[in-house]
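J.: Any chance you could fold what I've pasted below:
(one chain, ligands or ions: 1)
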Amino acid sequence: MKYYKISAKLLSPIMIQENRQSNTPKSLSHIPGSTLRGALAMKHLRLGGSPKDDSFKDLFSFGSINYPNLYPADEQESNVSAILPFTALSCKNNSGFKRTNYEDQVGHGVNDDLADKLAKRLLGKYVSAHFCKKCRQDLRVFPGFWNRSINNPAKVDTVLLFARHTGIDRHTGTVASNIFFTNQVIADLQKVSIKTNQGKNKEFYTQHFNGCTYLSEEQLSLLQNLSSDSLFIGRNKSRGLGEVKLSIQETEETSFDLPKWDVSFKQKYQAITKSNLPEGIYFSINLESHAILLDKFLRPMYDFNPDFPEISPVLKIIKMQKIKGWNNAWKLAKSDDIAISMGSVFLFKYVGSDVSGLTVYLKKLNKSGIGLRIDEGFGQISVCNSFHTEMEDL
Ligand SMILES: [Zn+2]
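T.: Here you go, the predicted model:
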């Protein structure tokens with residue numbers, strides 16, 4: 001099994017509805033793993049495959065491939081995109097990274113306040129200033145996706161458009177009066193201003209999405225066959241929406257350095273509070289996609305604890321998320337799931353002495369993901385995210 005980046009280049013706008021009701025046609029701004037899997041399965045069947053053949057099982061049976069969520073990326077796709085953690089803060093007045101190369105995006109800077117939040121928990125008050133150094137306005141959570149580059153950060157978002165339609169009268173076949181509806185779609189092109197040596201350089205770029213997963217050689221060649229020409233994803237395909245071109249490339253696995261992160265985090269805490277953290281080795285686990293966790297009575301669980309001795313929870317910054325689903329094969333709604341939202345952050349403390357054992361355990365968890373429906377993109381995590389220790393941009 002090797003690690004691959006799956007990229008989708010938009011050839012037309014796409015529509016991925018946030019929920020099932022057609023009267024609230026809000027689009028998601030990413031491509032869920034379940035949507036990607038459904039589109040590939042449909043294509044496999046359309047090319048003459050059957051749910052009984054070996055290649056179908058190799059690609060789509062339970063536990064075969066964890067289809068990742070694809071997050072918006074710029075055209076260069078220099079990095080795999082990620083969700084910004086809920087601890088990312090920026091100026092209320094002029095939000096955005098200060099040192100980004102995208103001129104349109106330059107803001108007053110972005111910081112991470114996980115260490116601040118911990119200080120508030122332990123000391124009862126915020127110790128660092130919670131306002132923008134440039135304009136003195138309050139700081140706000142800075143949500144969305146970014147390019148995961150600490151040195152050259154950029155926010156990567158989608159442009160959402162409204163597609164308008166008229167209703168057709170069933171008797172006359174002409175435009176019906178008083179029937180007019182709109183759908184939200186993700187635009188296939190974005191206008192962007194990139195800082196270059198020659199000065200301002202305004203241009204359009206094609207919207208890309210990307211995400212990563214592990215594939216065997218067999219699975220890779222089957223998926224490459226399915227993506228040799230365009231693939232149709234999302235809704236309203238009969239209106240020409242949802243055409244994408246997939247490409248798959250081997251990429252480096254994400255890694256982390258537990259002892260190094262622990263030291264950096266403690267230094268950051270020390271710098272803002274002038275006091276030391278209680279003994280222990282600290283590490284963070286972030287949700288890179290929504291995670292559906294159940295307790296032993298199969299009830300939704302809003303907490304996550306690694307199954308390793310001598311670990312205790314220190315802090316969590318989480319949000320809930322309702323997950324709606326649609327089973328294309330059955331043409332029926334799947335039951336709703338309650339998940340913990342992507343962007344959520346858990347901080348833990350380890351007081352044992354087996355750091356290398358813990359590292360091995362966390363590496364395994366990082367690779368496998370947590371909770372249910374992992375094969376549809378849920379439960380992806382990152383361990384010891386450097387955003388918490390290194391993002392100093394404000
Ligand atoms: Zn400001």
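J.: can we go C-alpha only for contacts and neighbour counts from here?
T.: Fine.
J.: Can you get me a residue count around Glu250?
T.: Glu250: 15 surrounding residues under other CA atoms under 10 Å.
J.: And Asn305, how close does it get to the ion?
T.: Applying CA to the ion, to the nearest Å, the value for Asn305 to the ion is 37 Å.
J.: before we move on, what about Pro25?
T.: 34 Å.
J.: Check what pLDDT that residue gets.
T.: We note a pLDDT of 73 for Pro25 in this prediction.
J.: quick one, what contacts it?
T.: By CA atoms under 8 Å, 6 or more residues apart in numbering, the contact set of Pro25 is 17-19, 182-184.
J.: The same query, at a cut-off of 10 Å, please.
T.: 15-19, 162, 181-185 (CA atoms under 10 Å, 6 or more residues apart in numbering).
J.: So for the longest strand seen in the chain, what gets flagged as buried?
T.: Ranked by residue count and defined by DSSP state E, the top strand of the chain is strand 175-186. By neighbour count on 16 or more other CA atoms under 10 Å, the buried set for strand 175-186 is 182-186.
J.: farthest-separated two in those?
T.: Maximum pairwise distance among those (CA to CA): 13.2 Å, between Thr182 and Ile186.
J.: what about the residue nearest the centre of the chain, distance to Trp146?
T.: Nearest residue to the geometric centre of the chain (CA atoms, centre = their mean): Ile83, 4.3 Å. Using CA to CA, to the nearest Å, one gets 6 Å for the distance from Ile83 to Trp146.
J.: And Glu390, by the same measure?
T.: The gap separating Glu390 from Trp146 is 15 Å, by CA to CA.
J.: now Ala271
T.: Distance of Ala271 to Trp146, computed by CA to CA: 26 Å.
J.: more neighbours, the two?
T.: Using other CA under 10 Å, the more surrounded residue of Ala271 and Trp146 is Trp146, with 22 against 13.
J.: mind listing what the more buried one touches?
T.: The contact partners of Trp146, taken as CA under 10 Å, 6+ apart, are 71-74, 79-84, 153-157.
J.: so what's it bridging to?
T.: Ala82, Lys155 (DSSP bridges).
J.: Give me the neighbour count for the residue of the stretch 251-394 of the chain found nearest the ion.
T.: Of all residues in the stretch 251-394 of the chain, the one sitting closest to the ion is Leu394 (8.8 Å; CA to the ion). Neighbour count of Leu394, defined by other CA under 10 Å: 20.
J.: list the contacts for the closest residue to it other than its chain neighbours?
T.: Distance criterion CA to CA, 6 or more residues apart in numbering; nearest residue to Leu394, sequence neighbours excluded, is Gly109 at 4.1 Å. Gly109 sits next to 89-91, 94-100, 132-134, 391-394 when contact means CA under 10 Å, 6+ apart.
J.: So among the residues you listed, which ones count as buried?
T.: So, by 16+ other CA under 10 Å, the buried ones in the contacts of Gly109 are 89-91, 94-100, 132, 391, 393-394.
J.: Between the two ends of stretch 133-141, what distance do you get?
T.: This stretch, stretch 133-141, spans 16 Å end to end (CA to CA).
J.: List the buried residues of that stretch.
T.: Across stretch 133-141, burial judged by 16+ other CA under 10 Å covers 139-141.
J.: tell me which of these is nearest to the ion?
T.: The shortest distance between the ion and any of these, using CA to the ion, involves Leu139 and amounts to 7.9 Å.
J.: per-residue pLDDT, that closest one?
T.: Note for Leu139: predicted pLDDT of 92.
J.: Which residues does it form beta bridges with?
T.: Going by DSSP bridges, Leu139 forms beta bridges with Cys91.
J.: Is it in contact with Gly96, as I believe?
T.: No - Leu139 lies out of contact with Gly96 (CA atoms under 10 Å); the separation is 11.3 Å.
J.: Now for these two: what residues contact both?
T.: 89-90, 110.
J.: The ion contacts on this structure?
T.: Residues of the chain found near the ion (CA under 5 Å from the ion) are 91, 108, 132, 135.
J.: Quick one: neighbours of the residue of the stretch 151-300 of the chain found nearest the ion, just the number.
T.: For the stretch 151-300 of the chain and the ion, the shortest gap (CA to the ion) falls at Lys155, measuring 17.1 Å. Neighbour count for Lys155, taken as other CA under 10 Å: 25.
J.: per-residue pLDDT, it?
T.: With respect to pLDDT, Lys155 scores 91.
J.: repeat for the one 5 residues further on
T.: We have a pLDDT of 86 for Leu160.
J.: so who does it touch?
T.: Here Leu160 is in contact with 13-15, 26-29, 183-188 (CA under 10 Å, 6+ apart).
J.: now swap in Met342 and tell me
T.: 82-86, 286-291, 318-321, 378-381.
J.: Excluding covalently adjacent residues, which one is nearest to Thr166?
T.: Once flanking residues are discounted, Thr166 sits nearest to Phe180: 4.5 Å by CA to CA, 6+ apart.
J.: From one end of stretch 210-223 to the other, what's the distance?
T.: So stretch 210-223: terminal residues 15 Å apart, CA to CA.
J.: so how far is that stretch from its chain's centroid?
T.: Mean-position distance between stretch 210-223 and its chain equals 19 Å (CA atoms, centre = their mean, to the nearest Å).
J.: in that stretch, what counts as buried?
T.: Residues of stretch 210-223 classed as buried by neighbour count (16+ other CA under 10 Å): 210-215, 219-220, 222-223.
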